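Asks: Everything below, folded, please.
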Amino acid sequence: MPVTSLEGLSDSQKQELVASLSALLVGSAGGECSADVLSAVATASGNDLSGAWAALFASVVDKAGGIEKFCAAPGGGGGGGGGGGGGGGDGEAAEEEKEEE
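Replies: Here you go, the predicted model:
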């Protein structure tokens with residue numbers, strides 16, 4: 001469900017969204033993701049962020065080594081289904097052909 005407004009969210013949901021977006025912004029800019037910085041970004045965007053949420057997100061990002069762990073690589077997409085288990089003995093046949101040459 002896309003979020004188009006903060007008005008329909010509970011206070012906890014707002015805090016989590018503001019904290020996560022602040023962490024993504026700071027982390028993608030290469031800045032230090034501390035509680036103070038996250039709070040400052042939230043305030044600059046016109047939002048409030050409690051110290052507890054800021055500290056929690058700063059700690060998680062720090063322990064993960066940055067925001068990269070939380071952002072999928074381009075084309076990373078979903079898990080998708082299984083694939084290509086077949087092929088049988090083609091690998092062996094190709095190996096035999098190389099030996100004969």
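
Asks: now what about stretch 46-53, what contacts it?
Replies: By Cβ atoms under 8 Å, 6 or more residues apart in numbering, the surrounding residues in contact with stretch 46-53 are 6, 14-16, 18-19, 22, 35, 38-39, 42-43. All C-beta spots, glycine's among them, are computed from the backbone N, C-alpha and C.

Asks: Most widely separated two among those?
Replies: Spatial extent of these (Cβ to Cβ) is set by the pair Leu6 and Ala35 at 20.9 Å.

Asks: Who has more neighbours out of the two?
Replies: Shown here are Leu6 and Ala35; by other Cβ atoms under 10 Å, Ala35 has more neighbours (18 against 11).

Asks: I figured that one hits Val61, correct?
Replies: No. Using Cβ atoms under 8 Å, Ala35 is not in contact with Val61; the gap is 10.4 Å.

Asks: low pLDDT regions in the chain?
Replies: Applying pLDDT under 70 to the chain flags residues 1, 72-101.

Asks: For it, which helix extends over the most residues?
Replies: Looking across the chain with DSSP state H, the single longest helix is helix 11-28.

Asks: now what about that one, what contacts it?
Replies: 3, 6, 9, 32-33, 37-39, 41-42, 45, 47-50, 53-54, 56-58, 61, 66-68, 70-71.

Asks: and stretch 32-48, which residues are buried?
Replies: For stretch 32-48, a neighbour-count test (16 or more other Cβ atoms under 10 Å) marks 33-35, 37-39, 41-42, 47 as buried.

Asks: Quick check: chain neighbours aside, which residue is closest to Ala55?
Replies: Leaving aside its sequence neighbours, Ala55 sits nearest to Ala35 (Cβ to Cβ, 6 or more residues apart in numbering; 4.4 Å).
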